[in-house]
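K.L.:
A predicted structure for the sequence below; I have some questions about it.
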Amino acid sequence: MTSPLRIRDRLDHRFAQANLSAYLDGEVTGDQKRRLERHLAICAGCREELASLRDTVMLLRQAPLRPVPRSFALPMELQAEQARSRRWNLTYSYLRGATVVATFLLVLLVSGDALIGMGAIPIPDAPPPLPGKVAVESVPEAPAVVEAVVEREVAATAPPTKVVTVKEEAPTPAPEEPRAKLVQEQPSPAALAQPSSVAEAGLARGGGAAPDAAAVLGASPSAALLEDTGMAAIAPSEKAPATGPGLEPTPVPTATLVSPTAEQPTAAPTQVPVTATPEPPTATPTQAPVTATPEPSPTPARVAAIVTRGAATEPVEPPAARRLSPVWAIWRGLRLLWGMLAGLLLILLASTIWAGHRRRP
Amino acid sequence: MNEETLIASARQGDLNAFNRLVLAYQQMAYNLAYRVVGNEDGAMDATQDAFLRGYRALHQYRGGSFKAWILRIVTNCCYDQLRARQRKPTMSLDDILEDDEHSQLLQNHGQRPEAQVERRELGAFIQSGIQTLPNDQRVVLVMRDIQGMSYLEISQTIMVSLGTVKSRLSRARAKMRDYLLSHREQLPDRFRPRDS
């Protein structure tokens, strides 16, 4: 049976074996030193171990110190090199910081844009609708009529070179508008044979707005929103108004080219100049061939443009109502900033990599 | 000019100030490198590389013991040398030791020839024993028993705890003692350790 005293001696022996080196250097605490010395007093093996360690240390301390074979002082050319390197280091640090900031801002913008796009961030409603638009939206049967018109017009515009006709717009009754005048002067037989409900609705209201514009607006609420928020593209007829009666009808069919699903208000319409192509006699019996006629694509921008044009005939239209909603304006600005930041980030990344290579010779 | 002033000037790019620090520490740095790497050429390369790195990285020095900071760089350069030598061994250790100790003998013109031979043998014997140690124990043993650094300085230099320094040193000394006892016939009489 092992007595408690023997167990303590064994523990002290293990402790001494592990700490004799530190004891030799005086790197033990007072308690550890007393414990070691108590054990050394009774353990001959540890005393011999301590003596051999002391001899080893003494021998190592007698190892000759080697003289330095040469001076290790650095050449003075290094000073200029270090100054250059320091400048590059500074440039690299600034570029790296700017890159980090640009990346952070870009991520912030992209994520915010994505959240707005997904509807996670609500956008306030558009400004109050125009008086003309309110009257138009009350026409219930307009969407169906316009959709039918659109389908027919889209089918007709399928060939790349097409003569633009005004047959669908013939019933336009607004006497003040030159477009309507032309239609009245050159009525299409088909249009005369089929007076659309669009015209009826417009005439029934007796409003100043063109009935086709009203019907289109009623048919496409998104177009109305686009018009309100200023996202609608400007129709070519607004940018370059017709200068002669021969060219005047050309923008008219743009009102009929409506795609209910189109959502790109800023998409530029593809304009194919038409140069005196033969046209089917049934389609344009009275229409003269048109030179350099823009052929718009059926987008909501067209719709919005017509609506805007129609609304322009209103006697009173406050310009402020057509301004952008502030949030939409900010959003559009952020989109612009988005692209600029992406470009800037690319430049910064390239510069940072370049400076990183240059900073160490 | 004291050390802090020299360090401050060197941090501003003054190479003369840094070279004065180099002259103050090159003996210690070179001997540490020599004992760790084990040959003169490697030690010279490691020492020069360490001072060059130190000058370039002086802006990263955050105060404290400059000696510990520069010896840490020396230690890292020694490890780089050892790794490079492991990849491309060119000379045997015996050749290196003979060449180095011979060149050292030629430099000590002031001593008696017997004393020179005795010290050369002792230096070679200690160096061969040190080379048997693992790198981490070797560095601690050289810093403590040859360079005379304190435990605290060693822990600051190699960035380990005091307990780790104690345990590494204890194991290194025990191995060195065993090596000396097993090869004591190669030692001069007055240096032979006693049997335990």
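P.N.:
Noted; the coordinates are in hand.
K.L.:
which secondary structure element contains residue A:64?
P.N.:
Secondary structure from DSSP states H and E places residue A:64 outside every helix and strand.
K.L.:
pretty sure it sits against residue B:125.
P.N.:
No. Look at residue A:64 against residue B:125 with CB atoms under 8 Å: they stay out of range, at 11.3 Å. Glycine gets a C-beta too; all of them are placed from N, C-alpha and C.
K.L.:
quick one: contacts for the residue lying closest to residue A:102 once chain neighbours are set aside?
P.N.:
Leaving aside its sequence neighbours, residue A:102 sits nearest to residue A:345 (CB to CB, 6 or more residues apart in numbering or on different chains; 4.5 Å). Residue A:345 is in contact with A:99, A:102, A:103, A:106, counting by CB atoms under 8 Å, 6 or more residues apart in numbering or on different chains.
K.L.:
just the buried subset of those residues, please.
P.N.:
For the contacts of residue A:345, a burial check counting by 16 or more other CB atoms under 10 Å in any protein chain shown picks out A:99, A:102, A:106.
K.L.:
which one of these is nearest to residue B:162?
P.N.:
residue A:99 (42.2 Å; CB to CB).
K.L.:
burial check on the closest residue to that closest one other than its chain neighbours, number of neighbours?
P.N.:
The shortest distance from residue A:99 to any non-neighbouring residue, by CB to CB, 6+ apart, is to residue A:348 (4.4 Å). Residues lying near residue A:348 (other CB atoms under 10 Å in any protein chain shown) number 20.
K.L.:
the one 4 residues further on now?
P.N.:
The local packing count at residue A:352 equals 20, with neighbours defined by other CB under 10 Å.
K.L.:
ok, residue B:161 to residue B:122 distance?
P.N.:
33 Å (CB to CB, to the nearest Å).
K.L.:
that should have said residue B:72, apologies.
P.N.:
As judged by CB to CB, residue B:72 and residue B:122 stand 29 Å apart.
K.L.:
returning to what we had before: name the residue in residue A:64 and residue B:125 with the higher neighbour count.
P.N.:
Legend: neighbour count by other CB under 10 Å for residue A:64 and residue B:125, higher for residue B:125 (22 against 17).
K.L.:
helix or strand: which one has that one?
P.N.:
Residue B:125 is part of helix B:113-130, with elements assigned from DSSP H and E.
K.L.:
for that helix, which positions count as buried?
P.N.:
Here helix B:113-130 shows B:116, B:118-120, B:122-130 as buried, counting by 16+ other CB under 10 Å.
K.L.:
now tabulate those in JSON lines and tack on distance to residue B:53.
P.N.:
Putting these into JSON lines (distance: CB to CB, whole Å) gives the following:
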{"residue": "B:116", "distance to residue B:53": "35"}
{"residue": "B:118", "distance to residue B:53": "37"}
{"residue": "B:119", "distance to residue B:53": "32"}
{"residue": "B:120", "distance to residue B:53": "32"}
{"residue": "B:122", "distance to residue B:53": "33"}
{"residue": "B:123", "distance to residue B:53": "28"}
{"residue": "B:124", "distance to residue B:53": "30"}
{"residue": "B:125", "distance to residue B:53": "32"}
{"residue": "B:126", "distance to residue B:53": "28"}
{"residue": "B:127", "distance to residue B:53": "25"}
{"residue": "B:128", "distance to residue B:53": "29"}
{"residue": "B:129", "distance to residue B:53": "30"}
{"residue": "B:130", "distance to residue B:53": "24"}
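K.L.:
which of those residues come close to chain A?
P.N.:
Restricting those to those near chain A by CB under 8 Å from any CB of the partner chain leaves B:119, B:122, B:123, B:126, B:127.
K.L.:
closest to residue A:119 among the residues you listed?
P.N.:
Closest to residue A:119, out of all of those and judged by CB to CB, is residue B:127, at 76.3 Å.
K.L.:
chain B versus residue A:72, what's the distance?
P.N.:
For residue A:72, the distance to chain B (CB to the nearest CB, to the nearest Å) stands at 5 Å.
K.L.:
how about the residues of chain A by chain B?
P.N.:
Neighbours of chain B within chain A, by CB under 8 Å from any CB: A:18-22, A:25, A:27, A:48-49, A:51-53, A:55-57, A:59-74, A:76, A:78-79, A:82-83, A:85-86.
K.L.:
make it 7 Å
P.N.:
Residues of chain A lying close to chain B by CB under 7 Å from any CB of the partner chain are A:18, A:21-22, A:27, A:48-49, A:51-53, A:55-57, A:59-69, A:72-74, A:76, A:78-79, A:82-83, A:86.
K.L.:
which of the residues you listed are buried? Put it as a PyMOL command.
P.N.:
Only the buried entries of those go into this PyMOL selection, using 16+ other CB under 10 Å:
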select buried, chain A and resi 21+22+27+49+52+53+55+56+57+59+60+63+64+66+68+69+72+73+74+78+79+82
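K.L.:
kind regards, and thank you for your time.
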